[in-house]
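Engineer: Fold the following for me, if possible:
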Amino acid sequence: PRGGRPPFDAILKFKMLYLQAQHGLSFEATEHLVRDRLSWMRFCGLTLADPVPDANTLWDFREALIRAGALDKLFARLDEAIKAAGYLPMAGQIVDASLVAAPRQRNTDEEKAAIKAGRTAREIWPDKPAKAAQKDTDARWTLKTSKGKVEADGTVKNDLAIPAFGYKSHIGIDRRHGFIRRQKVTDAAAHDGARLREGLIDPTNTASDVWGDTAYRSNVNEAFLANCGKRSRIHRKKPQGKPMPKRTAKANARKSKVRASVEHVFAQQKHRMKLTIRSIGIKRAKATIMMANIAYNLGRWRWWETRAAPA
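Structural biologist: Numbers count the residues shown, from 1 in each chain. You can find the predicted model right below:
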């Protein structure tokens with residue numbers, strides 16, 4: 001009634017966010033490619049004469065989704081649709097976590113101590129609001145252990161501890177169909193094992209088996225799974241100061257054949273979808289990772305439908 005340009009359709013803007021997550025793009029690149037590619041125009045329901053939401057409009061739309069907590073509901077709604085299509089959580093579940101890189105911060109020792117103490121960026125840099133706006137006080141540093149490489153002479157280098165900065169994506173997939181059924185986002189320093197008890201277990205899975213690497217092996221987690229009626233298939237750790245027993249090594253190898261499926265999820269997100277964090281703060285990082293999980297499940301659903309279609 002007040003006149004002016006009508007708002008863009010929410011479905012159109014969400015489709016553009018999906019394209020952004022599917023290809024690991026910035027808001028500006030997403031706007032440009034929707035204007036440039038006819039296939040993307042058709043996907044969004046646009047014609048050559050239609051206006052396209054710009055980067056700022058997409059940013060505001062994502063901020064509105066974050067404030068409303070809508071992405072959690074959208075992820076749950078998608079999971080309901082996948083189940084209604086016949087792809088129920090079956091054959092057990094696999095849990096794992098992966099680091100997602102964020103822009104690295106260059107802080108002094110005093111500033112690092114203030115961040116660890118829980119102070120906000122505005123409290124640390126009260127006289128520099130522009131600098132505070134570019135400081136991520138939610139992300140954390142951690143060490144990522146990489147296995148040693150085998151040299152030409154047969155010797156093996158020691159394991160390498162590689163520093164990484166950013167956030168961590170925790171997921172739980174079902175073994176039968178490979179959909180992401182549970183998700184959680186934390187800073188990179190959060191321990192994987194403790195997240196198992198924070199909603200990663202899907203009670204609707206038709207099987208009781210739970211697979212995971214040694215980070216999830218603890219007495220607390222074993223008791224938690226038993227109370228939930230789940231059967232632990234989590235890898236056993238190597239005894240400290242002793243060689244790995246052959247029986248345990250063979251059991252871990254059998255579990256690895258199943259557990260390796262979850263690594264394909266992270267591989268697709270990081271390589272094909274180019275998942276990375278370009279924003280500041282854990283709320284926006286969570287939105288980025290959740291959109292990547294939604295995009296992965298939609299792609300997985302399309303793959304299953306294509307496979308089931310008659311030739």
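
Engineer: what does stretch 206-225 contact?
Structural biologist: Outside of stretch 206-225, the residues that reach it under the criterion C-beta atoms under 8 Å, 6 or more residues apart in numbering are 88-97, 175, 191-193, 196-197, 201, 229-237, 255, 258-259, 262. Where you see a C-beta, it was placed from the backbone N, CA and C, and this is true even at glycine.

Engineer: Among those residues, name the ones in strands.
Structural biologist: Secondary structure from DSSP state E places 93, 94, 95, 96, 97, 231, 232, 233, 234 of these in strands.

Engineer: Let me have the residues you listed in a markdown table, extended by neighbour count, pLDDT and distance to residue 224.
Structural biologist: Below are these laid out as a markdown table (neighbours: other C-beta atoms under 10 Å; pLDDT from 0 to 100; distance: C-beta to C-beta, whole Å):
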| residue | neighbour count | pLDDT | distance to residue 224 |
| --- | --- | --- | --- |
| 93 | 27 | 96 | 14 |
| 94 | 25 | 97 | 17 |
| 95 | 25 | 97 | 12 |
| 96 | 23 | 96 | 17 |
| 97 | 26 | 95 | 17 |
| 231 | 12 | 95 | 13 |
| 232 | 19 | 95 | 10 |
| 233 | 20 | 95 | 14 |
| 234 | 23 | 96 | 11 |
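
Engineer: Kindly reformat the residues you listed as JSON lines and extend each row with distance to residue 2.
Structural biologist: Converted to JSON lines, the ones in strands among the contacts of stretch 206-225 look like this (distance: C-beta to C-beta, whole Å):
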{"residue": "93", "distance to residue 2": "51"}
{"residue": "94", "distance to residue 2": "53"}
{"residue": "95", "distance to residue 2": "51"}
{"residue": "96", "distance to residue 2": "51"}
{"residue": "97", "distance to residue 2": "49"}
{"residue": "231", "distance to residue 2": "61"}
{"residue": "232", "distance to residue 2": "61"}
{"residue": "233", "distance to residue 2": "60"}
{"residue": "234", "distance to residue 2": "59"}
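
Engineer: and which of the residues you listed is nearest residue 8?
Structural biologist: Comparing these against residue 8 with C-beta to C-beta places residue 97 closest, at 35.8 Å.

Engineer: what separates that closest one from residue 70, distance-wise?
Structural biologist: The gap separating residue 97 from residue 70 is 24 Å, by C-beta to C-beta, to the nearest Å.

Engineer: try residue 283
Structural biologist: 13 Å.

Engineer: go on, residue 242?
Structural biologist: 51 Å.

Engineer: Between these two, which has more neighbouring residues?
Structural biologist: Per other C-beta atoms under 10 Å, whichever of residue 242 and residue 70 has more neighbours is residue 70, with 15 against 7.

Engineer: Remind me what the helix or strand of the chain with the lowest mean pLDDT packs against, helices and strands.
Structural biologist: Scoring the helices and strands of the chain by mean pLDDT, DSSP states H and E places strand 140-146 at the bottom, with a mean of 84. Secondary-structure packing of strand 140-146 (3 or more C-beta pairs under 8 Å, 6 or more residues apart in numbering; DSSP states H and E): strand 160-174.

Engineer: and the strand it packs on, what other elements does it pack with?
Structural biologist: Using 3+ C-beta pairs under 8 Å, 6+ apart, strand 160-174 sits against strand 93-101, strand 140-146, strand 180-187, helix 192-195, helix 261-267, helix 282-308.

Engineer: nearest to residue 13, of these?
Structural biologist: Short answer: helix 282-308, nearest of the helices and strands packed on strand 160-174 by C-beta to C-beta, at 12.2 Å.

Engineer: Show me what counts as buried in that closest one.
Structural biologist: By 16 or more other C-beta atoms under 10 Å, the buried positions in helix 282-308 come out as 282, 284-298, 300-301, 304.

Engineer: and if you look at stretch 217-229?
Structural biologist: Buried residues in stretch 217-229 (16+ other C-beta under 10 Å): 218, 221, 225.

Engineer: Residue 181 touches residue 79, doesn't it?
Structural biologist: Yes. With contacts counted by C-beta atoms under 8 Å, residue 181 reaches residue 79, the gap being 6.5 Å.
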